[in-house]
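1. sequence-free structure coming up:
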Ligand SMILES: [Zn+2]
């Protein structure tokens, strides 16, 4: 099992959204990483994670979304319960750092000095209430996003420029979404 905490790397908080419509997931091809990912990015100071996910999603795709809650909520007079993400993980910002660190070689750092990302991924739905892909207008952010598209599970499984995590996340996201509709 991975133990990324032991490296005491500088960690940034990030948030993103998984949008699934008609059993297809909306992915962007990240310019720097050259990998297909769910839209997302850094959480800003004083920004709530689900708000960051919604903002980053809109900035990268031009689609306004709302984070769905997949956890338990309580109506409280003392605390505000916020939408819970479907995934919460720690990963190297540049995955080559994993090997570099093991060999005590220099690592690549992000613009904010971060080495690892603590990433929260929310299941999201279109703010417009749209249920069909044909009703979605995409406006990708061109300097960070090389490409954008809707992909089926089979397509994601067979893509090479993607991490296998995304496939596994998509499987679980689909289960939750389809469970919702029953
Ligand atoms: Zn970062």
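-> That came through, no problem. None of the values given here were measured: they were computed from a predicted structure. Residues are numbered from 1 along each chain as shown.
2. Helix, strand, or coil at the nearest residue to residue 87 once chain neighbours are set aside?
-> With sequence-adjacent residues excluded and distances taken as CB to CB, 6 or more residues apart in numbering, residue 87 is closest to residue 121, at 4.1 Å. C-beta coordinates here come from the backbone N, C-alpha and C atoms, glycine included. Secondary structure, DSSP: H, G, I helix; E, B strand; the rest coil: residue 121 is strand.
3. residues in contact with residue 121?
-> By CB atoms under 8 Å, 6 or more residues apart in numbering, residue 121 lies in contact with 15-18, 38, 40, 53, 85-88, 169.
4. Check residue 47 too.
-> residue 55.
5. what kind of secondary structure is it in?
-> Residue 47 is classified as coil under three-state DSSP.
6. now it: how far from the ion?
-> From residue 47 over to the ion the distance is 14 Å, taken as CB to the ion, to the nearest Å.
7. now whichever helix in the chain runs longest, how far from the centre of its chain.
-> Using DSSP state H to define each element, the chain has its longest helix at helix 164-181. Centroid displacement of helix 164-181 relative to its chain, using CA atoms, centre = their mean, to the nearest Å, is 13 Å.
8. And stretch 88-100, by the same measure?
-> 15 Å.
9. ok, now stretch 155-165?
-> Counting by CA atoms, centre = their mean, stretch 155-165 comes out at 15 Å from the chain centroid.
10. follow-up on the earlier one: name the residues of the longest helix of the chain that come out as buried.
-> 166-167, 169-170, 173-174, 177 (16 or more other CB atoms under 10 Å).
11. for stretch 6-23, same thing?
-> Quick answer for stretch 6-23 (16+ other CB under 10 Å): 7, 9, 11-12, 14-21.
12. Then stretch 25-41?
-> Going by neighbour count (16+ other CB under 10 Å), the buried part of stretch 25-41 is 25-30, 35-41.
13. One more: stretch 102-113?
-> In stretch 102-113, counting by 16+ other CB under 10 Å, buried: residue 107.
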